[in-house]
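In: model this:
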Amino acid sequence: MSSDGNGGLHARRGLEDSKIESARKFLYESSDDDSSFASNRSGIGDDFPENVAESVPQRSSSGFGRRGRMPGGSGSTNLSGFGKAGGVGGGGVGIGRRCLNTVRYHGKTVKDKCGKCVAIAMVSFVLVFGISHVVVRARGSEELVGDRMSKFRQLIVAEGLSSQDDLDTVGSPQSLACYWIANHDGARLKPSFENDSHLLQRYALAVLYYGTAGTNDLETPAEKGHWTESDRWLSLLGVCAWHGVTCIGDAPRTGRWFDNGNDDGHLLSEYDHHGDVERLDLSGLGLMGNLPSELSVLTGLYKLDLSENDLRGSIPSEFGDLVGLRELFLNGNRLEGTIPGGFGENLTNLRQLRLDTNVLTGTIPSALVTRLVELRSLVLARNDFTGTVPPSLGSLLRATYLDLGDNQLEGPFPDGIAELTALVHLDLGRNHLTGTIPEGLARLTALERLLLREMNLHGTIPDSLFQKVTRLTELGLSDNKLEGTIPTTVGRLKDLHGFFFGQNKLTGSLPREVGLMADLRILEVQGNKLTGSIPNLVGALNGLEIFSAARNHLTGTIPPEVGRMHRLVSFFVENNKLTGNVPTEMGELRALQQCRLYENRMKGAIPDEICELVEDDDLVFLGADCAEGHDKFSCDCCTRCY
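Out: This is a model prediction of the structure:
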């Protein structure tokens with residue numbers, strides 16, 4: 001017995017071509033869809049399905065290989081017509097179905113021909129079994145794989161989507177995905193180049209699932225994985241119905257369901273198809289594992305969001321081939337390595353790129369800012385990037401959001417920032433950048449958040465900065481080496497919520513103009529060299545929650561107008577040179593939880609009105625200079641005396 005290059009049978013012992021063809025049709029007729037049998041059980045006619053040999057069902061290695069089963073399989077055979085459990089011996093029902101199909105093909109009755117059908121079935125099985133299998137070596141074991149599985153593997157490798165080694169590795173996401181799509185996928189796609197686009201996309205998504213869901217189950221994988229939401233994944237429905245997947249032309253998550261009496265239901269036809277994936281949003285679903293390079297086959301992808309998961313490993317360089325990608329969110333994972341160079345070379349349509357909160361290293365590729373001129377948002381914060389900020393940063397003329405904070409970047413403050421006049425958010429803080437605040441930042445009139453904390457900036461704060469940049473809602477310049485005075489132009493920041501100037505070398509007084517920032521919630525100027533008194537105009541900040549002016553050289557008394565700040569939660573003025581009495585008006589601060597008055601020169605006693613706040617458990621910390629030896633100040637209700 002021999003086989004030709006196409007798997008056909010040569011005649012032996014006088015078998016005629018017509019009989020061989022009958023045997024081929026009998027054995028390889030596609031009966032994976034039981035509905036074909038059910039819909040014709042009442043009639044016996046010459047209606048044998050066409051193209052029955054295009055797809056050969058997978059035979060498992062149960063009882064034949066050293067391991068006894070395929071990767072992740074149950075040991076059952078998937079030979080349609082020989083049963084779905086227990087191998088050949090458990091296939092009585094399947095053989096009966098083959099009998100009926102063969103009888104229908106010849107136009108005979110079941111009663112006359114069923115016995116012969118069984119004989120033909122067994123002979124055909126023996127003839128074909130020896131020649132229609134491919135032997136695959138994986139981790140030292142030999143496993144028998146049928147023609148259908150072989151065709152899928154050949155197609156995947158030919159397209160360069162997965163390597164042969166990955167497919168040969170037992171239990172790998174690639175081998176599991178290939179085995180599932182060939183033998184367990186209810187969609188029963190044909191392993192041919194005619195529909196390879198949709199087939200390969202389905203395969204790539206299956207690789208993603210098996211690589212990040214922590215399961216090797218092939219029967220009900222969506223139920224066995226640890227994703228917090230995997231509705232309809234690896235079901236017989238088209239990928240457009242899978243949770244988080246949106247195809248071109250589909251409206252996201254607006255499908256309706258038919259109730260078919262089962263728990264799985266049935267999705268309407270507009271989702272029950274194999275389309276080109278446009279969006280893949282699996283944010284915060286508990287994905288664990290490595291990013292598969294196979295996702296690069298989703299060439300129609302517009303948005304890829306795998307943020308806030310537990311993905312590890314490196315970012316596949318193949319992602320650089322997703323040339324249509326506009327939004328890429330991989331933030332909030334544990335990705336390592338460097339940014340692939342292809343990002344800067346090929347993803348020229350990218351609008352939003354978020355890689356923050358990972359463990360990425362290396363330098364920021366210059367091509368990332370010179371080529372991605374369409375970028376609106378670039379967020380690389382909270383990683384371990386080193387080197388300098390690319391000097392060509394000014395090429396991102398359309399950028400509105402730039403966050404490079406909390407890295408290990410060094411070098412001078414990038415002058416190119418001043419060219420990004422569309423910026424609304426700028427964060428370069430928690431790096432090792434040096435130099436002064438360039439006056440050119442005054443050109444960024446659209447800025448709403450300017451965060452330059454924890455750097456090595458020195459020099460003065462440009463007075464012109466707040467004459468033009470007036471839309472700020474958050475201004476962070478703390479933990480630097482800034483000198484000079486706080487510009488009185490800060491009073492122009494009517495929308496400011498957070499004022500962070502602490503831990504610098506600022507001198508002069510706290511400008512009374514701070515009282516004009518009506519929306520202010522946090523005022524921090526601690527750890528400077530400020531002098532003068534606390535301006536009574538701070539009483540106008542009735543929305544203020546935190547006032548921190550500790551560790552300065554402030555003098556004078558605490559103004560009674562402080563009692564008007566009814567939302568005040570924290571009042572920190574320790575380590576100054578304040579004098580006088582504590583105003584009784586502070587007893588009106590019903591929201592006050594922390595009050596630090598120690599290390600000053602005040603006299604008298606804490607008013608009873610303030611002690612009532614302590615007794616009511618509202619004021620949980622009250623510290624003052626009431627320790628033994630401070631005979632000029634007393635406090636019977638302080639939680640701690642200094």
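In: check which helix or strand covers the closest residue to N333 other than its chain neighbours.
Out: Residue nearest to N333 in three dimensions, not counting chain neighbours: L311, with 4.1 Å by CB to CB, 6 or more residues apart in numbering. Backbone N, C-alpha and C define where each C-beta goes, glycine included. Under the criterion of DSSP states H and E, L311 resides in strand 310-312.
In: quick one: strands adjacent to that strand?
Out: Here strand 310-312 is paired, per DSSP bridges, with strand 288-290 (parallel).
In: what's the distance between the strand it pairs with and the middle of its chain?
Out: 11 Å (CA atoms, centre = their mean, to the nearest Å).
In: Show me which positions of it end up buried.
Out: By neighbour count with 16 or more other CB atoms under 10 Å, strand 288-290 contains the buried residues 288-289.
In: Could you list the residues in contact with it?
Out: 173, 211-212, 214, 226, 309-313 (CB atoms under 8 Å, 6 or more residues apart in numbering).
In: Just among those, which is most surrounded?
Out: Neighbour count (other CB atoms under 10 Å) singles out T212 as the most crowded of those, with 26 neighbours.
In: The residue nearest to N333 and I339, how far apart?
Out: 15 Å (CB to CB, to the nearest Å).
In: Can you give me the buried ones in stretch 475-491?
Out: 475-480, 482, 486-487, 489-491.
In: ok, now stretch 380-399?
Out: Residues of stretch 380-399 classed as buried by neighbour count (16+ other CB under 10 Å): 380-383, 385, 389-390, 393-396, 399.
In: how long is that stretch end to end?
Out: Taking CA to CA, to the nearest Å, the first and last residues of stretch 380-399 lie 14 Å apart.
In: just how off-centre is it within its chain?
Out: 21 Å.
In: For it, what does the pLDDT average out to?
Out: Rounded to a whole number, the mean pLDDT of stretch 380-399 is 94.
In: List the residues that contact V424.
Out: 400-401, 446-449.
In: Kindly recompute the last result at 6 Å.
Out: 400, 446, 448 (CB atoms under 6 Å, 6 or more residues apart in numbering).
In: buried subset of the residues you listed?
Out: 400, 448.
In: got CSV for the contacts of V424, with distance to D250 too?
Out: Listed next are the contacts of V424 as CSV, based on distance: CB to CB, whole Å:
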residue, distance to D250
T400, 29
A446, 35
E448, 35
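In: Keep only those of the contacts of V424 that are in helices.
Out: Judged by DSSP state H, helices contain none of the contacts of V424.
In: How confident is the prediction for K113, by pLDDT?
Out: pLDDT, K113: 41.
In: let me fix that: G249
Out: 79.
In: now it, what's its secondary structure?
Out: Per DSSP: H, G, I helix; E, B strand; the rest coil, the secondary structure class of G249 is coil.
In: For the nearest residue to it once chain neighbours are set aside, give its distance to L355.
Out: Spatial nearest neighbour of G249, excluding adjacent residues (CB to CB, 6+ apart): G275 at 6.9 Å. Separation of G275 from L355 (CB to CB): 28 Å.
In: Next: R596.
Out: 40 Å.
In: Neighbour count: these two, which is higher?
Out: L355 (24 against 20).
In: ok, the more buried one touching L380?
Out: Yes - because the distance of 5.5 Å satisfies CB atoms under 6 Å, L355 is recorded as touching L380.
In: what helices or strands is the strand or helix carrying G344 leaning on?
Out: Per DSSP H and E: G344 is located in helix 341-346. Applying 3 or more CB pairs under 6 Å, 6 or more residues apart in numbering; DSSP states H and E, we find helix 341-346 packed against helix 367-370.
In: In the helix it packs on, which residues are buried?
Out: 367-370.
In: same deal with stretch 310-323?
Out: 311-312, 315-322.
In: what's the average pLDDT for the helix or strand containing Y210?
Out: Per DSSP H and E, Y210 falls inside helix 196-212. Averaging pLDDT along helix 196-212 yields 93.
In: can you give me the helices for this protein?
Out: Going by DSSP H, the chain shows helices at 17-28, 35-38, 92-106, 110-129, 147-158, 164-168, 173-183, 196-212, 221-224, 341-346, 367-370, 465-468, 608-615.
In: re earlier: residues in contact with the helix holding Y210?
Out: 161, 173-174, 176-177, 180-181, 189, 233, 239, 274, 277, 287-289, 292, 294-295, 297-298.
In: so where do the strands sit in the stretch 301-450 of the chain?
Out: Counting by DSSP state E, counting those that start in this stretch, one finds strands in the stretch 301-450 of the chain at the ranges 303-305, 310-312, 327-329, 352-354, 377-379, 401-403, 410-412, 425-427, 432-436, 449-451.
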